[in-house]
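**Student:** below are the sequence and a predicted model for it; my questions follow.
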Amino acid sequence: MQHRTIGSQTVSAIGLGGMPMSIEGRPDQERSVRTIHAALDAGVTLIDTADAYHRDAGEVGHNESLIASALDSWSGDRDGVLVATKGGHLRPGDGSWTLNGRPEYLKEAAAASLKRLGGEAIGLYQFHRPDPEVPYAESVGALAELLDEGVIRMAGISNANPDQIREANEVLGGRLVSVQNQFSPAFRSSLPELQLCAELGIAFLPWSPLGGIKSAGDLGTKHDAFAELAQEKGVSPQRLALAWELALAPVVVPIPGASRPESIEDSVQAGDLQLSDDEVARLSDAAKKVKQQD
């Protein structure tokens, strides 16, 4: 598998998104743990989570706790695994989402996440989503303090635009290591952010890189170019889509969500799928013609 760099740490080119294992429609814990172990056994060394990845009220941090439990029961060396979590985006438990970017809250949330995940510091902590009620620099300033205090080892942001990326990097004194935005063949609004990250040498982590839980299957039916080239190469359209994203820039690290071992095992193989420049151009051109799904 290819490898990429996030800050000072080398990680697998394909990560694992933990969200589907904790929200609506989630599998039982035994299958979730098998899925995480399958990812780790396949060479995945980046796992994405957030304190907001839960279904019901009163279970904040469900996904963080699940990942910590799976890592504890895994036979491999967890020291080589980077767990990236996020704070500032909340789920009250009624299916809605709210925001809290207050610095004091983010520091409290990070401390709670660290307690759930275990260890001396959070590997990568990302501000989940801008809060229009709080100046962006103040929210990111909390991450700078967490870095200085040793609560987190690396800092990132999520759902950010180019101006916010530049501002965050300035507030962090050049220590911004990642940007996690939505990006897929059907959602390309974050291409400017991807390109800026490539320019600055900041890791770009596409969330929902296959279009999300409900749309991942569309790659084989609604995206003709992806389906056709996948058939030519004898791979799944999903694996091809991840390989295409990897080919866009050396800073891209897709984090497909999974709730079954078979799904992440297929996704991981995208890290070994090489595409020619012509094939990348062919897929990029086709993606431009797909109606964007917001």
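**Tutor:** Everything's here; your move.
**Student:** the helices in this protein, which residues?
**Tutor:** 29-41, 62-73, 103-117, 136-149, 162-171, 191-200, 224-233, 237-248, 261-268, 277-288 (DSSP state H).
**Student:** most tightly packed of the ones you listed?
**Tutor:** Compared across these, helix 237-248 shows the largest average neighbour count, a mean of 25 (mean count of other Cβ atoms under 10 Å). Any C-beta I mention is one placed from the backbone N, CA and C, and that applies to glycine too.
**Student:** can you list the low-confidence ranges for the stretch 101-250 of the chain?
**Tutor:** Applying pLDDT under 70 to the stretch 101-250 of the chain flags the ranges 213-217, 220-222.
**Student:** any chance of the helices of the chain in a markdown table, with distance to Ile14 too?
**Tutor:** Converted to a markdown table, the helices of the chain look like this (distance: least, Cβ to Cβ, whole Å):
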| stretch | distance to Ile14 |
| --- | --- |
| helix 29-41 | 9 |
| helix 62-73 | 16 |
| helix 103-117 | 21 |
| helix 136-149 | 25 |
| helix 162-171 | 23 |
| helix 191-200 | 16 |
| helix 224-233 | 16 |
| helix 237-248 | 6 |
| helix 261-268 | 5 |
| helix 277-288 | 17 |
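**Student:** could you find the closest non-adjacent residue to Ala121?
**Tutor:** Spatial nearest neighbour of Ala121, excluding adjacent residues (Cβ to Cβ, 6 or more residues apart in numbering): Arg153 at 5.0 Å.
**Student:** would you confirm that Ile14 contacts Thr45?
**Tutor:** No. Using Cβ atoms under 8 Å, Ile14 is not in contact with Thr45, being 9.7 Å away.
**Student:** more neighbours: which of the two?
**Tutor:** Ile14 (31 against 23; other Cβ atoms under 10 Å).
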